[in-house]
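Q: Using only what follows, build the 3D model:
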Amino acid sequence: MNKGVKETITVRFVSTSFVALALIIFKPFGLEVWQLQTYAHLFLIWIMGLVVCLFTDVILKYIVKKPRSYAYGSDYIIRRNLWFQLINTPLVSLCICMYRHFLMNNGIGDNHLSWANFLETFVIIAFCSFSIGLYWRFKFRSRYLALELRETRLLNEKLKAWASHDAKQELTECLSTSHAASPSPHVAITLTGSTNDTVTLPVTSLMYIETIGNYVKVNQLCDGKVRTDMLRATSKQMEEELKPYPMIVRCHRAFLVNLQQVEQIVSQPGSMQLLMKHSRNCIPVSRSNMAGVKAAIKERSW
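A: Just a heads-up that it's a prediction; the model follows:
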């Protein structure tokens, strides 16, 4: 048995024990009337919960295609844990409801199978699942932080490698056109506001777009300096116009950023910022957009 399987079994063993302990303390489902038989029922419920948890891990691995692994980074682990809770909680609740109906219904009419009992069981198991999830997150906090630091270092190495590659490519293009009658200009884009105002600029010069009320600030690099233009437009409108350019991604509800202009990723526990070239401004990355930004850098197609 490898280390990963042992850890999975240990985590599920402790988690189901926590749920059993909570049931011992609060004695829902009429457990208090069973006296000594209560512990026999709780032991069987514990066994059943452990089996369902391990079954959920099998579903995640072979059906949802999300095996338990720390190699994919902390975001993957968090998403997998969420999938586990979404699948496991209703399954455990249903199994306990069936157990209540067939084995605990003698003398306790409220244990019959019904939607009300299922919802009651679901709320109890969901609360226990949320609580134990917080415990494991705290327990493995150092491991998550190490994963985040490793992931950030790899992303920054990619950014540096691409910056070097882009600089060499730009130098090659300049040398190849140095004797031409008219050098080829960079591909330009035109951003249009709701009042027909426009801003035309090379794609590579766009740094980031910031939303301020009913306006957007278009920040671009012009002759080595940062220039800002204002347009009356929405962030959604700008995002639609820039959809053909995969290097420009949403990192925050108020910011669209050109990843070609990012010098470094600054990561802290639970937060991320993008340090921009030339301006040295730090652009925030919201938690909901972290995965998209990381994926755009890892799977660069621009």
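
Q: Ranking helices and strands of this structure by mean pLDDT, which lands last?
A: Every helix and strand in the chain was compared by mean pLDDT, DSSP states H and E; the lowest is helix 141-176, with a mean of 74.

Q: Show residues contacting the next helix or strand after that one.
A: Later in the chain than helix 141-176, the nearest helix or strand by DSSP states H and E is strand 188-192. Strand 188-192 has contacts (C-beta atoms under 8 Å, 6 or more residues apart in numbering) with 198-203, 206, 218, 231, 233, 238, 241-242, 245. In this view, the C-beta of every residue, glycine as well, is placed from N, C-alpha and C.

Q: Mark which of those are buried, thanks.
A: Val199, Leu201, Val203, Leu206, Val218, Leu231, Ala233, Met238, Leu242 (16 or more other C-beta atoms under 10 Å).

Q: Format the CA atom coordinates belonging to stretch 112-131 as PDB.
A: Extracted C-alpha coordinates of stretch 112-131, given in PDB (Å, rounded to 0.1, in the frame of the first residue of the first chain):
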ATOM      1  CA  HIS A 112     -39.200   6.500   8.300                       C
ATOM      2  CA  LEU A 113     -37.900   7.400   4.900                       C
ATOM      3  CA  SER A 114     -39.000  10.900   3.900                       C
ATOM      4  CA  TRP A 115     -37.800  14.100   2.300                       C
ATOM      5  CA  ALA A 116     -38.000  15.900   5.700                       C
ATOM      6  CA  ASN A 117     -35.700  13.200   7.300                       C
ATOM      7  CA  PHE A 118     -33.300  13.400   4.300                       C
ATOM      8  CA  LEU A 119     -33.000  17.200   4.600                       C
ATOM      9  CA  GLU A 120     -32.500  16.900   8.400                       C
ATOM     10  CA  THR A 121     -29.800  14.300   7.900                       C
ATOM     11  CA  PHE A 122     -28.300  16.300   5.000                       C
ATOM     12  CA  VAL A 123     -28.000  19.500   7.100                       C
ATOM     13  CA  ILE A 124     -26.300  17.600  10.000                       C
ATOM     14  CA  ILE A 125     -23.800  15.800   7.700                       C
ATOM     15  CA  ALA A 126     -23.100  19.000   5.700                       C
ATOM     16  CA  PHE A 127     -22.300  20.800   8.900                       C
ATOM     17  CA  CYS A 128     -19.900  18.000  10.000                       C
ATOM     18  CA  SER A 129     -18.400  17.900   6.500                       C
ATOM     19  CA  PHE A 130     -17.700  21.600   6.500                       C
ATOM     20  CA  SER A 131     -16.200  21.500  10.000                       C
END
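
Q: Now do the helices in the stretch 201-302 of the chain.
A: Ranges of helices in the stretch 201-302 of the chain, per DSSP state H, counting those that start in this stretch, are 235-241, 287-298.

Q: Dump the ones you listed to a markdown table, plus mean pLDDT and distance to Ser15.
A: What follows is the helices of the stretch 201-302 of the chain, written out as a markdown table (pLDDT from 0 to 100; distance: least, C-beta to C-beta, whole Å):
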| stretch | mean pLDDT | distance to Ser15 |
| --- | --- | --- |
| helix 235-241 | 92 | 41 |
| helix 287-298 | 86 | 25 |
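
Q: who's Gln220 bridged to?
A: Under DSSP bridges, the beta-bridge partners of Gln220 are Leu206, Arg227.

Q: Go ahead and confirm it touches Arg227.
A: Yes. Using C-beta atoms under 8 Å, Gln220 is in contact with Arg227, at 5.4 Å.

Q: ok, those two, which is more surrounded?
A: Just comparing Gln220 and Arg227: by other C-beta atoms under 10 Å the higher neighbour count belongs to Gln220, 21 against 14.

Q: pLDDT score assigned to the more buried one?
A: Gln220 is assigned 93 on the pLDDT scale.

Q: gap between it and Val262?
A: 15 Å (C-beta to C-beta, to the nearest Å).

Q: Next: Ala126.
A: 39 Å.

Q: of these two, who's got more company?
A: The residue with more neighbours, out of Ala126 and Val262, is Val262; 24 against 15, by other C-beta under 10 Å.

Q: Distance check, the closest residue to that one other than its chain neighbours against Ser205.
A: Of all residues not flanking Val262 in the chain, Leu274 sits nearest, at 4.8 Å (C-beta to C-beta, 6 or more residues apart in numbering). As for Leu274, its distance to Ser205 is 17 Å (criterion: C-beta to C-beta).
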